[in-house]
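A.B. asks: Give me the fold of what follows.
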Amino acid sequence: MYKTTKALVLRHVRYKEADRILTLFSSTDGKITAKARGALRKSSKIAAATQQLCYAEMTLFGNRGKWTVNEAMIIEPFTALQTDLERFALGCYFAECLEALSVEEQPDAELLQLGLNSLFALGSGKYDPRLVKAAFEFRLMCLSGYAPSVQACAVCGKETMDEPCLSVDNGCVFCRGCRNASLGFSLPLCADSLAALRYVVSAPAKQLFSFQIGEEALRRLGDAAERYLLSHAERRFPTLEYWKSVRTTA
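C.D. replies: Okay, here's the model as predicted:
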């Protein structure tokens with residue numbers, strides 16, 4: 001059976017001498033695994049389209065539940081990421097998160113759109129990579145069923161909060177003065193980082209990164225986003241550690 005689909009290459013590993021095993025996030029089938037025969041040969045017509053973080057239109061051949069890439073044509077190579085180690089490393093982290101939190105063979109248009117929009121934003125150079133990362137992490141949690149409740153204090157119900165905090169364990173915000181043991185582990189926010197978090201949770205997909213935030217507020221937002229994702233994903237991400245090791249900015 002042949003099928004044509006658009007797919008983002010989340011990961012590839014070498015197989016034998018010249019093949020690649022791909023983890024794809026496809027528009028029709030969600031996360032799937034496919035073999036790209038001969039992709040590592042210099043004469044291969046599918047080599048470029050089967051690189052990590054490439055978005056391509058692929059013709060797949062399916063047999064007994066296994067897929068093989070028959071043809072592949074690049075839609076978006078994300079060239080700006082391929083030539084910038086720091087941004088490429090962060091893009092690989094996004095891909096690892098998508099792979100970890102997506103469901104095998106279950107289409108998810110919103111999750112795929114988040115991945116593509118985040119890679120576009122990262123490669124455009126218009127946004128601080130830390131802003132893109134924080135927005136991606138919190139929005140990914142929302143789409144994965146872990147959306148934090150951020151409109152009002154979980155204890156007193158006030159929308160305008162004095163020294164707001166995010167409960168990582170319970171997925172809610174609260175005034176520092178309302179803190180109690182039942183809220184579990186928490187991180188301090190500020191008025192601007194809380195406003196940014198509220199925006200990220202509800203913004204239209206195409207406008208996800210269209211907000212401005214100061215340095216200190218971005219630091220708090222970024223810390224909260226990363227800890228929130230790691231806590232609810234319940235795993236570590238080697239690509240995140242690699243990105244941190246190659247970062248050149250504060």
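A.B. asks: can you point me to the longest strand in this protein?
C.D. replies: What stands out as the longest strand in the chain, according to DSSP state E, is strand 2-15.
A.B. asks: ok, then the element right after that one?
C.D. replies: Elements were assigned by DSSP states H and E; along the chain past strand 2-15, the next helix or strand is strand 19-26.
A.B. asks: How far away from the center of its chain is that next one?
C.D. replies: 17 Å (CA atoms, centre = their mean, to the nearest Å).
A.B. asks: Check stretch 91-109 too.
C.D. replies: With CA atoms, centre = their mean, you get 8 Å for stretch 91-109.
A.B. asks: how about it: buried residues?
C.D. replies: Neighbour-count burial for stretch 91-109, counted by 16 or more other CB atoms under 10 Å, picks out 91-102, 107-108. Where you see a C-beta, it was placed from the backbone N, CA and C, and this is true even at glycine.
A.B. asks: Among the residues you listed, which lie within helices?
C.D. replies: Residues from the buried residues of stretch 91-109 lying in helices, with DSSP state H as the criterion: 91, 92, 93, 94, 95, 96, 97, 98, 99, 100, 101.
A.B. asks: Apart from its neighbours in sequence, what residue is nearest the fourth one?
C.D. replies: Yep, that's residue 94 we're talking about. residue 118 (5.4 Å; CB to CB, 6 or more residues apart in numbering).
A.B. asks: So the one you found, which state does it fall into?
C.D. replies: When classified by DSSP: H, G, I helix; E, B strand; the rest coil, residue 118 comes out as helix.
A.B. asks: What's the local residue count around it?
C.D. replies: Residue 118 sits with 26 neighbouring residues when counted by other CB atoms under 10 Å.
A.B. asks: quick one: contacts for it?
C.D. replies: 94, 132, 135, 136, 208 (CB atoms under 8 Å, 6 or more residues apart in numbering).
A.B. asks: quick one on the thing from earlier: any chance of the buried residues of stretch 91-109 in a markdown table with distance to residue 45 as columns?
C.D. replies: Below are those laid out as a markdown table (distance: CB to CB, whole Å):
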| residue | distance to residue 45 |
| --- | --- |
| 91 | 24 |
| 92 | 25 |
| 93 | 30 |
| 94 | 27 |
| 95 | 23 |
| 96 | 28 |
| 97 | 30 |
| 98 | 26 |
| 99 | 26 |
| 100 | 31 |
| 101 | 32 |
| 102 | 28 |
| 107 | 27 |
| 108 | 29 |
